[in-house]
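Asks: Below is the sequence, then the predicted model.
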There are 2 protein chains.
Amino acid sequence: MSSDWKKETLGVGEWMGRMEAARHPMAEKLYAMYSSVTDGITIDPAMMFVPVDDHMVHRGDGLFESFKCVDGNIYNLDAHLERLEKACGTMEIDLPVTLDELAGITVQTIRAGGRRDALVRLLVSRGTGTMGVNPYECSCAEIYIVVYKLTKCDVGEMPAGVRVITSAVPLKPGFFATVKTCNYLPNVLMKKEAVDAGVDFVVSIDENGNLGEGATENVGIVTPERELLMPPAERVLAGTTAKRALQLAQSLVANGLLKCAEFRAIPIETARAAAEMHIYGTTPNVTPVTEFDGAPVGDGQPGPVAAALFEMLKNDMTPDSRRLTNVFDE
Amino acid sequence: MSSDWKKETLGVGEWMGRMEAARHPMAEKLYAMYSSVTDGITIDPAMMFVPVDDHMVHRGDGLFESFKCVDGNIYNLDAHLERLEKACGTMEIDLPVTLDELAGITVQTIRAGGRRDALVRLLVSRGTGTMGVNPYECSCAEIYIVVYKLTKCDVGEMPAGVRVITSAVPLKPGFFATVKTCNYLPNVLMKKEAVDAGVDFVVSIDENGNLGEGATENVGIVTPERELLMPPAERVLAGTTAKRALQLAQSLVANGLLKCAEFRAIPIETARAAAEMHIYGTTPNVTPVTEFDGAPVGDGQPGPVAAALFEMLKNDMTPDSRRLTNVFDE
């Protein structure tokens, strides 16, 4: 075998020097990282790495949560931590810290990053120690927390209406659809599908012909009978924003804008006849869909339920909300 | 928010010092790693890492191949590289090097590891540059090659008969089953299932009631009519060992031991009535299954086709085979 492409075995200094050079541009985007491997925080992007033998790296054998910190406040942190704990139970990954401790480490990592606006990725892996497939050969679970640039953080005004199409990417099987694991390739391909088609989002249709979810968003509709419906968390991920929106929507039932607001399977024909369609998520908050598979949704304009939900979620994120965790003030 | 668990922001020296301490024990298992991020090779386990923003780390958005180097020779390298190239095409990941260059870098990384017996993991990721889901925000594809300890390398004698059960883990959907991506959580859970049940392997059954595959192995049967059958690569991964075994089996058709040897869907009832069942893979080579879901396979003893295939594969791996790539001699 000829080796025209000579690669050198590098000493630590040279290896890290090249790493610093390669990773330097990421300093703009990556603010801080906590790793349980060192049990410390780094703000140097060249140090923000995961051992290659971590099962998360080579098998996607890990769980995650994403949330934002806006003006020094994390919204709905408890909901994210509780979902993570539940996911650890499903996947039989022993979370090595309490949720209180995890919240504490998260806050410290955001502080270390020094920005009041940031996104946070909380990753829990099966652990390091093997390149094989056997989870029992992994060490204890590892935690990685990455604090990075928040590109969109405008919560002041409801986003304009967006265009959505149905996705052709095969759905995650069974319970894999309901757990936020690092097996997110179907989601990556759905995002790619949206970009390739020049639309804002794609949504899946499940094997029963019911409306599913977006790449990293939930979807819901308002029927002409003024029912707010969201797919139950059987074939989709239980999104924290969607869940909170449905809770808040009960006041719209009380005041008569809605007849009901509930989780219920949505046949695709019902979705196509909707008066309103919404996208819910950490980044889109509540975003009205005005075009679905090329046809206008309702009258093709953002509807009153979207506007009402958006306002309520905005109020839910005000500094005096009990759903905020203040990061910078003691 | 109280912070009883104080985590410090570490300088590079302290961070890497802790990393060295934590990663030191892996020196026994991890021999060498090439990373395209540094475009060099390291033999220090503390340096064997992947940037956390690599899409492979947080989305499983990468592809891989596993193969072994036995007594300084890689078996069937071309088959692995060709499958990887095909997978890159399917996932629209631009492999940044030619297959010849990739083979050259692989050989150099094994050499750097200094062991004649090793396993090799070739990983190609979508790239670094974003914590988001959008693949277009990733930089170019990255390559990581890990050379690590080969625990079983006995190719001298056919393994004893093994016990297999059917799996309850949901199958990968559609084309995801046919590509070796880093979304390998279903495979991890299948391996876990086997360990938990105290058996050697589990095999899946697809939605049509046909025999599928193992966690990281293929499966095949010999019918009482002396047909060697393996599931077609529509709902399973096209294994290089299974594929080669089926090629070699044509000589058993010629000499009358088999009536035919082909890829054909295997209804589970047919599998349960098999005269022989085999497991194929990089580690198990050809391994006879003697018990399936608690019932004996055939007469409960390893069969003649398994023995013949094992001998042929063994010969295929002898030093003068054209299917070997010599790593250490120029």
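Replies: Here it is on my side, so go on.

Asks: Could you report the separation of the nearest residue to A:E213 once chain neighbours are set aside from chain B?
Replies: The shortest distance from A:E213 to any non-neighbouring residue, by C-beta to C-beta, 6 or more residues apart in numbering or on different chains, is to A:V236 (4.1 Å). Bear in mind the C-beta positions are built from the backbone N, C-alpha and C, glycine included. In this view, A:V236 and chain B are 15 Å apart by C-beta to the nearest C-beta, to the nearest Å.

Asks: same thing with A:D54?
Replies: Relative to chain B, and taking C-beta to the nearest C-beta, A:D54 is found at 8 Å.

Asks: Please apply the same query to A:N210.
Replies: As defined by C-beta to the nearest C-beta, A:N210 lies at a distance of 16 Å from chain B.

Asks: same check, this time on A:F292
Replies: 21 Å.

Asks: and that residue, what are its bridge partners?
Replies: The partner list for A:F292 in beta bridges (DSSP bridges) reads A:V164, A:A295.

Asks: Pretty sure it sits against A:A271.
Replies: Yes. The pair A:F292 / A:A271 is scored as a contact, 7.1 Å apart, by C-beta atoms under 8 Å.

Asks: Could you pull out the residues contacting both of those two?
Replies: Listed contacts common to A:F292 and A:A271 are A:M277; contacts here mean C-beta atoms under 8 Å, 6 or more residues apart in numbering or on different chains.

Asks: hang on, the earlier thing: how many residues are close by the residue nearest to A:E213?
Replies: Using other C-beta atoms under 10 Å in any protein chain shown, A:V236 has 25 neighbouring residues.

Asks: Give me every residue in the stretch 151-300 of chain A lying close to chain B.
Replies: Residues of the stretch 151-300 of chain A lying close to chain B by C-beta under 8 Å from any C-beta of the partner chain are A:170-176, A:181-189, A:191-192, A:195, A:215-216.

Asks: what do you get if the cut-off is 10 Å, keeping everything else the same?
Replies: With C-beta under 10 Å from any C-beta of the partner chain as the criterion, the stretch 151-300 of chain A comes near chain B at residues A:151, A:168-177, A:179, A:181-192, A:194-196, A:207, A:215-216, A:283.

Asks: give me every residue that touches A:D293.
Replies: A:163-166, A:199, A:203, A:268, A:271-272 (C-beta atoms under 10 Å, 6 or more residues apart in numbering or on different chains).

Asks: List only buried entries from the residues you listed.
Replies: Those of the contacts of A:D293 that meet the buried threshold are A:163-166, A:199, A:203, A:268, A:271, by 16 or more other C-beta atoms under 10 Å in any protein chain shown.

Asks: I'd like the residues you listed as TSV, with pLDDT and distance to A:R111 appended.
Replies: As requested, the buried ones among the contacts of A:D293 are exported to TSV (pLDDT from 0 to 100; distance: C-beta to C-beta, whole Å):
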residue	pLDDT	distance to A:R111
A:R163	98	39
A:V164	98	38
A:I165	98	41
A:T166	98	42
A:V199	98	38
A:V203	98	37
A:I268	98	46
A:A271	98	43
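
Asks: any idea which of those residues is closest to chain B?
Replies: A:V199 (13.4 Å; C-beta to the nearest C-beta).

Asks: The closest one is in contact with A:A215, isn't it?
Replies: No. Contact criterion C-beta atoms under 10 Å: A:V199 and A:A215 do not qualify, at 11.5 Å.

Asks: and stretch A:35-49, what's its mean pLDDT?
Replies: Averaged across stretch A:35-49, the pLDDT comes to 98.

Asks: where are the low-confidence patches of chain A?
Replies: In the predicted model of chain A, residues A:1-4, A:153-155, A:330 satisfy pLDDT under 70.

Asks: where exactly do the helices run in the stretch 1-150 of chain A?
Replies: A:12-23, A:55-59, A:77-91, A:99-113 (DSSP state H, counting those that start in this stretch).

Asks: deepest of the ones you listed, which one?
Replies: Mean neighbour count (mean count of other C-beta atoms under 10 Å in any protein chain shown) peaks for helix A:55-59 among the helices of the stretch 1-150 of chain A, with a mean of 29.

Asks: Just the C-alpha atoms of it, please, in CSV.
Replies: Taking C-alpha atoms only, helix A:55-59 is exported to CSV below (Å, rounded to 0.1, in the frame of the first residue of the first chain):
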residue,chain,number,x,y,z
HIS,A,55,-21.2,6.3,23.2
MET,A,56,-22.9,9.6,22.2
VAL,A,57,-20.2,10.3,19.6
HIS,A,58,-20.2,6.9,17.7
ARG,A,59,-23.7,5.6,18.5
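
Asks: Tell me how far it lies from the chain's centre.
Replies: What separates the centre of helix A:55-59 from the centre of its chain is 19 Å, taken as C-alpha atoms, centre = their mean, to the nearest Å.

Asks: and the nearest residue to A:V222 once chain neighbours are set aside, what does it touch?
Replies: Leaving aside its chain neighbours, A:V222 sits nearest to A:E276 (3.9 Å; criterion: C-beta to C-beta, 6+ apart). Contacts for A:E276 were tallied using C-beta under 10 Å, 6+ apart; they are A:220-224, A:226, A:228, A:288-290, A:297-299, A:301-307, A:309.
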